[in-house]
Structure formats: structure tokens, C-alpha cells
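> Here you go, sequence then predicted model.
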Amino acid sequence: MTQTKNNIDSHKGKHLSYAERCQIAVLKKEKYTNRQVANVLNRAPQTINNEIKRGTITQLKRQVQNEKKYDYYTSIYNADAGQTFYEEQRMNCGRRPKWTNTDAFIEWADDKMLIEKWSPDVVSGFALKHELFDTSIIPCTSTLYQWIERGIMRT
């Protein structure tokens, strides 16, 4: 089977934008199928399917009829919910910086460098030699200098 139309190549590796999520919401309100939405946005149908799963919320609808209240729930796609989910997932991706696990070392190293005027090289060497901290949280000298430049340390 030869494929005449490839709608994946132009967007391969690209994340959906907020504007595309809004467009999905409008098209779903107009009763478009996921494949039709994918064709309009020039995206893979599975991308649209995944996005709709992530951004679907349940709404409570209340109807009053003959002085009785009727509650029913409906599921709709919401672009804001999809964008929020995307941003939360992006915050959790990637490797955590080493300094997030080394508060005790950073405090100790700051004290040694500020009060006792030690250099970053002496600080990391002393900590390794005397096994004051777990070796996995003791950074090398160049990393200490980077932390100082970035403002992670008080030094």
C-alpha cells in the first residue's frame, strides 16, 4: 500500500501548542471525529486521541424542571486542562539537578568558603578525603564554581 499523504513528517517531534489545543476544543464541539481533527491540524490521529484523553474534564450540569433539580455529568475536552496537564508533565521531565539533593553539603561548603575562606577545590577535596558526605552528593570543583556563578550558593 502506498501512502500518498503523510501528515506526520511536518510535525514530528513537535508538541501541540495552546492554539492547537483551542482548535481541538472548537472542532470537538462541532462534533468532529478524532481523525477529522487530525486531518485539519495535520497531525497524527493518535496524537489527537492522546491529547483528548489528557484534556477531557467532567462537568456537572444542573437542570431544573417542575421544581425538581436534575444533576448529570458530561465529559468535554478543555484546552486549558490539556495545557495545564502538559505544563505539569514538562515540569517533571528531565534529570533533577544534583544541587537539589545536597542542601546539607551546600550549607557546609558555604560556611567553609565564607567563614574559613576555603577555595571550592579545597572544600570538595576535604569532603571527599574525610568522607563527610555521601560521595554521590559531593560535586567536583568546576560544578561548585558553576553553582557559585548561578547563585545557588551564598558564596
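Cool, got the structure. The shown structure was predicted, so the numbers you read here are calculated from the model rather than taken from an experiment.
> and the residue positioned nearest the centre of the chain, what element?
Note on the chain: the residue nearest the mean C-alpha position is R90, at 1.3 Å, using CA atoms, centre = their mean. Assessed by DSSP states H and E, R90 sits inside helix 79-92.
> Pretty sure I57 sits against N78.
Yes: the criterion here is CB atoms under 8 Å, and I57 meets it with N78 at 4.9 Å. Where you see a C-beta, it was placed from the backbone N, CA and C, and this is true even at glycine.
> These two: which is more packed in?
With neighbours defined as other CB atoms under 10 Å, I57 and N78 compare such that N78 has more, 19 against 12.
> which SS class is the residue nearest to K29 when sequence neighbours are not counted?
Residue nearest to K29 in three dimensions, not counting chain neighbours: I76, with 7.8 Å by CB to CB, 6 or more residues apart in numbering. For I76, the assignment made with DSSP: H, G, I helix; E, B strand; the rest coil gives strand.
> Pull the number of nearby residues for I76.
Neighbours of I76 under the rule other CB under 10 Å: 14.
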